[in-house]
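In: 3D, please:
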Amino acid sequence: QVQLVESGGGLVQAGGSLRLSCAASGRTFWQNPMAWFRQAPGEEREFVAAISWSGGSIYDADSVKGRFTISRDNAKNTVYLQMNSLKPEDTAVYYCAASQAFTTLLTKDGRRYDYWGQGTQVTVSS
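Out: Presented below is the predicted three-dimensional model:
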């Protein structure tokens, strides 16, 4: 059974940093795109960042430009999201996602990801 388990969320003051982790089990994803999405209360889920097996990445430029960095450790089957200069509007549940596709092409479309974690809460206080 494939599982994605996020960790690292919590409460932080504006301007602070958090590092989210997503550990995959049940299969390896070293050849597959992985991504982070988030969903704030009352809002739709939105794309944050994605990374290919080779390290190529894309971001939602408007919301996280220059502040968030996605990375992965294929040996550990884990993807990370380093979040710096956090703002209250970053408050959301953050979800990890993985694709079954063997591709370096990345997408912001959540429908293209096949596996999802349960989410980790990030709360940024002002």
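In: strands along the protein, start to end?
Out: 3-7, 10-13, 18-25, 34-39, 46-51, 57-59, 68-73, 78-83, 92-98, 115-116, 120-125 (DSSP state E).
In: the last one packs against which elements?
Out: Contact analysis of strand 120-125 by 3 or more C-beta pairs under 8 Å, 6 or more residues apart in numbering; DSSP states H and E lists strand 10-13, strand 18-25, strand 92-98 as its packing neighbours. Heads up, the C-betas are built off the backbone N, CA and C, glycines and all.
In: list the pairing partners of it within its sheet, with orientation.
Out: When pairing is defined by DSSP bridges, strand 120-125 lines up against strand 10-13 (parallel), strand 92-98 (antiparallel).
In: need the contact partners of the last one.
Out: Just to be clear, that refers to strand 92-98. 2, 4, 6, 9, 20, 22, 24, 29, 32-40, 43, 45, 48, 79, 81, 110, 113-122 (C-beta atoms under 8 Å, 6 or more residues apart in numbering).
In: buried ones from those, can you make that a ChimeraX selection?
Out: Per 16 or more other C-beta atoms under 10 Å, the buried members of the contacts of strand 92-98 correspond to this ChimeraX selection:
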select :4,6,9,20,22,24,29,32,33,34,35,36,37,38,45,48,79,81,113,115,116,117,119,120,122
